[in-house]
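*Asks:* got a sequence here, can you model it:
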Amino acid sequence: MKLILATSNKGKVKEIESIFLGGNIEFIGLDQLKSKDNTPIDVPVIIEDGMTFKDNAYIKAKAIYDLSGADIMSEDSGLCVDFLNGAPGVFSARFAGQSKKDSDNIEKVLTLMKGVPEDNRTAQFKSVFCLIINGKEYFFDGYINGRIIDVPSGSGGFGYDPIFVPIGYSQTFAELGDDIKNSISHRAMAIEKVKEFLLAC
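*Replies:* Modelled structure (predicted):
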C-alpha cells in the first residue's frame with residue numbers, strides 16, 4: 001500500500017519508517033507528490049492553526065488530499081509540560097519562534113522551568129495521526145509520560161528528545177537509541193494503532 005506522508009521533518013519520516021518496518025507500507029514524501037494525471041505538485045505552505053494536535057493533523061492531511069486525491073497520512077505531535085499548563089503543546093515546533101531551531105525551543109523550555117523541583121517537572125509527549133483513505137478520515141493517538149531534566153543530554157533523536165526522560169528510564173530519548181525509543185514513544189503507540197487498522201483493511 002502507498003501512502004503520502006505529510007511532513008517535511010526528516011527525523012519524523014525516518015522514525016515513522018522505522019516503526020512501520022515490516023508493515024508493507026510504501027511512504028511517499030511531499031517532494032514526490034503528484035496529481036492524478038502524474039503531474040508534480042508544488043505543496044503550498046500549510047498553516048497549522050488548530051487548537052489541538054488532532055486539528056493540525058487533519059488540516060495537513062486534508063490540504064494534501066485536496067491537492068492530490070491520494071491516500072494520505074499526517075501527524076501532529078508535541079511536548080506538553082504540566083508546569084507550563086500544557087505548553088509548548090501545538091506550538092512545540094515553533095515555541096521559540098517560527099524560524100528557530102530545536103536547541104532554541106529546548107532553551108526556552110528550560111529557562112521557563114529554571115529552579116522547578118523534580119516533582120513538578122512532569123510532562124507528556126503526545127501524537128495524533130490522521131489517515132484519509134478513499135476520502136474518509138480516521139484518527140489514532142498515543143502518548144508517553146515522563147519528566148523534563150534541567151540540562152540537555154544525548155545526541156540522538158530530534159526536537160525535545162534531549163530533555164525528556166520517559167517513566168521507567170534514567171536516560172533521555174536522545175540517549176536511549178532508536179530501537180528503544182521507537183518501541184515506547186508516543187509516536188510508536190499511535191503508529192501501532194494505525195498498523196492494526198491498515199492490516200485489517
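
*Asks:* any idea which residue is closest to the centre of this structure?
*Replies:* Ser77 (3.8 Å; CA atoms, centre = their mean).

*Asks:* just confirm that one is within a helix.
*Replies:* No: judged by DSSP: H, G, I helix; E, B strand; the rest coil, Ser77 forms no part of a helix; its state is strand.

*Asks:* let me know the pLDDT of it.
*Replies:* pLDDT, Ser77: 94.

*Asks:* are we agreed that Gln171 is in a helix?
*Replies:* No: counting by three-state DSSP, Gln171 is not found in a helix; it is coil.

*Asks:* identify the residues contacting Asn56.
*Replies:* Contact analysis of Asn56 by CB atoms under 8 Å, 6 or more residues apart in numbering lists 48, 50, 76, 90. C-beta coordinates here come from the backbone N, C-alpha and C atoms, glycine included.

*Asks:* for the third one, give the beta-bridge partners.
*Replies:* Residues in a beta bridge with Asp76, per DSSP bridges, are Val128.

*Asks:* touching, it and Phe53? I think so.
*Replies:* Yes: with contact defined as CB atoms under 8 Å, Asp76 and Phe53 form a contacting pair (4.3 Å).

*Asks:* what touches both of those two?
*Replies:* Common neighbours of Asp76 and Phe53, counting by CB under 8 Å, 6+ apart, are 90, 127-128.
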